[in-house]
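Asker: need a 3D model of the sequence below.
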Amino acid sequence: MTVVRSTLPDEDRRIACEALQSTLVDLLGLSLIGKQAHWNVVGPRFRSVHLQLDEVVSAARTGADTVAERSATLGVPPDGRPETVAKVFSLPVPEEGWLRDEDAVRVMAEALGTAIVRLRERVDATEKADPVTQDLLISVTAELEKLRWMFEAENTPFGS
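Answerer: Sure, this is the predicted structure:
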């Protein structure tokens, strides 16, 4: 059933929506691992890391909504169901249980870094197919890069 018709040619729409779907899974997964770390973080920097993790969750949820709505705009229903995310999600995740603050910072920097590398590939893939989707992905990438920078700065010894 086609509810919304896109003005993009079918192949361009396929490329754009594959990039959007993969990004949606990464963002939903980031929000989940951000909350998992948020609930379980312990250590001397508990409060600052706890609050910083909520920033990731908020950015990931906002980005996921924007990405999903772009897919719907192009006439392809986004799939954010738990089973879809669980089946294909592959970013680094925190261990089960309590999570030392430095480990929370490390795993979030790694997860964000992996998501950013993937996003940059999708930015390249959508350049000709759909510059509007590319622009959206560039914006999401910029936000995740800012968050990653903040986590990286948290774990970098001064003078290194």
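Asker: find the centremost residue of the chain, please.
Answerer: L27 (3.0 Å; C-alpha atoms, centre = their mean).
Asker: mind checking how far it is from V42?
Answerer: 26 Å (C-beta to C-beta, to the nearest Å). Where C-beta positions appear, they are placed from N, C-alpha and C, glycine not excepted.
Asker: chain neighbours aside, what residue packs nearest to L8?
Answerer: Nearest residue to L8 in three dimensions, chain neighbours excluded: D130, at 5.9 Å (C-beta to C-beta, 6 or more residues apart in numbering).
Asker: the one you found and A16 touch, don't they?
Answerer: Yes - using C-beta atoms under 8 Å, D130 is in contact with A16, at 3.9 Å.
Asker: any residues in contact with both of these two?
Answerer: Listed as contacting both D130 and A16 by C-beta atoms under 8 Å, 6 or more residues apart in numbering are 8, 74.
Asker: can you check the pLDDT for the closest residue to V41 other than its chain neighbours?
Answerer: Excluding the flanking residues, the one nearest V41 by C-beta to C-beta, 6+ apart is A104, at 4.6 Å. On pLDDT, A104 comes in at 96.
Asker: what's the answer for P9, then?
Answerer: Reported pLDDT for P9: 94.
Asker: how close does it sit to L74?
Answerer: 11 Å.
Asker: L28 too?
Answerer: Counting by C-beta to C-beta, the gap from L28 to L74 is 19 Å.
Asker: and E110, what does it touch?
Answerer: If you count contacts by C-beta under 8 Å, 6+ apart, E110 has them with P92.
Asker: how far away is it from E121?
Answerer: Taking C-beta to C-beta, one finds E110 at 17 Å from E121.
Asker: same check, this time on P9
Answerer: Counting by C-beta to C-beta, the gap from P9 to E121 is 21 Å.
Asker: how about L137?
Answerer: Taken as C-beta to C-beta, the span from L137 to E121 is 10 Å.
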